[in-house]
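> What would the 3D arrangement of this be:
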Amino acid sequence: MMPPDLPSEWSQWGRHWQLRGDTIYLNHGSFGPPPDIVRQARRDWIRRLDEQPMDFFVRQLEPALRAARAKLAEFVAASPADLIFVENATVGMNIVADSFPLAAGDEVLLTDHEYGAVKRIWQRACEQAGATLKIVTLPLPFRTADETTAAIMNAASERTRLIVVSHVTSLTAVILPVQQICDAARQRGIAVCIDGPHAPAQVELNLAKLDCDFYAASCHKWLSAPFGSGFLHVAPHHQSRIRPHVLSWGRLLPGPIESWSDEFIWSGTRDPAAFLSVPGAIDFLRTTVGLENFRRGSHALARYARQVVGQVSSLSQRKQGQVENLSCVPLVPDDPVWYGSMAHVPLPPGDKYALQEQLWKRSGIEVPIVEFAGQRYIRVSCHLYNTTEQIDRLVETLGKLLREGI
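Numbers count the residues shown, from 1 in each chain. You can find the predicted model right below:
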């Protein structure tokens, strides 16, 4: 069955990827492989570096980085002066945690949907400062943006200095109402740091409108830029406090440090090809595919996966007498406001590791099986190289495994 919203050209775009023939890759949300044109751009930058390193690092690097940053800034509707390249969202989040002023008695607020590494980052920052890390449990299932925002803001106190929240949650694939959260936090003078690795390309990102204090993201996920490319956006009134996690010259030769971002141009000798290839990924999605085509089509596939995987999961649960169990209920409504290119579907209880491993061993399917709040789920990522036939193969194998009690 072909989803009605899938663009007619969808099958043509998959040819831009070179994926292993033994694999059905439904995990772009974890590690998104780049298309051929981006791989070639990265190789071209590496060649230029290797052919004449001195000329590249001393004369070419800084103008090339600034041009790539300008392209990325335009894509996310930000000022280039407020943005730096980092290897990934985790690096960006660590820079914020190392720079944000916390004192004894302060409080940092996270939700129970935040990425595990982010929790560890802020737990360490709070321990070092004598501050408190507070985890807010969001009401389930998600119903309205008002309800979700209220749950966060009601948990904030006069000691809350920072709210850290995902734009699109990793574990549960939920698009959170970050604009409303930022607006509410601003009214109370609370800073907001958004963890956004799943947002660029999957959802429209307008940082000028969002007006958050910090935004950390990866470009290797839905944008399909090379691995090792991401960015950190910092509002101007915080920039004087931002410290690089690796201190070096900042600029070559060395050059004068004229802005906060200059400290991040040169952190020592490294390969910057991933950063410089980001414009190629933006052009590919915008020109070859079209962002609206990508978002509409990947959501159509995710919706299809949610429906057909949900059917086999529900059937298995009914046979096990679990029809009244909340595990039958998805976390979000069937609405693109709440989920984009990832389907997040509840499964019967069982060993998440065993099920994920058997999907790979039996059918070459790479898809994460996760656990949240004691419940097992499958998270199906859909990109331009995925098809309904691949999802049908997932359903077929998943049904057999669930019937076997795995």
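> CA only for contacts and neighbour counts going forward, please
Will do.
> Can I get stretch 390-404 as PDB, trimmed to CA atoms?
Output in PDB follows, covering the C-alpha atoms of stretch 390-404 (Å, rounded to 0.1, in the frame of the first residue of the first chain):
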ATOM      1  CA  GLN A 390      11.100  -2.200   3.700                       C
ATOM      2  CA  ILE A 391       8.500  -1.400   6.400                       C
ATOM      3  CA  ASP A 392       6.400  -4.300   5.300                       C
ATOM      4  CA  ARG A 393       9.500  -6.500   5.700                       C
ATOM      5  CA  LEU A 394       9.900  -5.100   9.200                       C
ATOM      6  CA  VAL A 395       6.300  -5.900  10.000                       C
ATOM      7  CA  GLU A 396       6.600  -9.500   8.700                       C
ATOM      8  CA  THR A 397       9.700 -10.200  10.800                       C
ATOM      9  CA  LEU A 398       8.500  -8.400  13.800                       C
ATOM     10  CA  GLY A 399       5.200 -10.300  13.800                       C
ATOM     11  CA  LYS A 400       7.100 -13.700  13.700                       C
ATOM     12  CA  LEU A 401       9.400 -12.600  16.600                       C
ATOM     13  CA  LEU A 402       6.500 -11.400  18.800                       C
ATOM     14  CA  ARG A 403       4.700 -14.600  18.200                       C
ATOM     15  CA  GLU A 404       7.800 -16.400  19.400                       C
END
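> average pLDDT for it?
Mean pLDDT, stretch 390-404: 96.
> If we go by neighbour counts, what in it is buried?
For stretch 390-404, the buried set under the neighbour-count rule, 16 or more other CA atoms under 10 Å, comprises 390-392, 394-395, 397-399, 401-403.
> quick one: which of those residues is nearest residue 348?
Lowest distance from residue 348 to the buried residues of stretch 390-404 (CA to CA) belongs to residue 402, with 7.9 Å.
> Nearest spatial neighbour of that closest one, chain-adjacent residues omitted?
By the measure of CA to CA, 6 or more residues apart in numbering, the closest residue to residue 402 outside its immediate chain neighbours is residue 316, 6.6 Å from it.
> still on that earlier bit, please produce TSV containing the buried residues of stretch 390-404, extended by secondary structure and distance to residue 144.
What follows is those, written out as TSV (DSSP: H, G, I helix; E, B strand; the rest coil; distance: CA to CA, whole Å):
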residue	secondary structure	distance to residue 144
390	helix	32
391	helix	29
392	helix	32
394	helix	31
395	helix	30
397	helix	35
398	helix	32
399	helix	32
401	helix	35
402	helix	33
403	helix	35
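> what would these look like in a markdown table with distance to residue 250?
Compiled in a markdown table, the buried residues of stretch 390-404 are given as follows (distance: CA to CA, whole Å):
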| residue | distance to residue 250 |
| --- | --- |
| 390 | 47 |
| 391 | 47 |
| 392 | 51 |
| 394 | 48 |
| 395 | 51 |
| 397 | 52 |
| 398 | 51 |
| 399 | 55 |
| 401 | 54 |
| 402 | 54 |
| 403 | 58 |
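> closest to residue 14 among those residues?
Using CA to CA, residue 390 is the member of these that lies nearest residue 14, at 12.5 Å.
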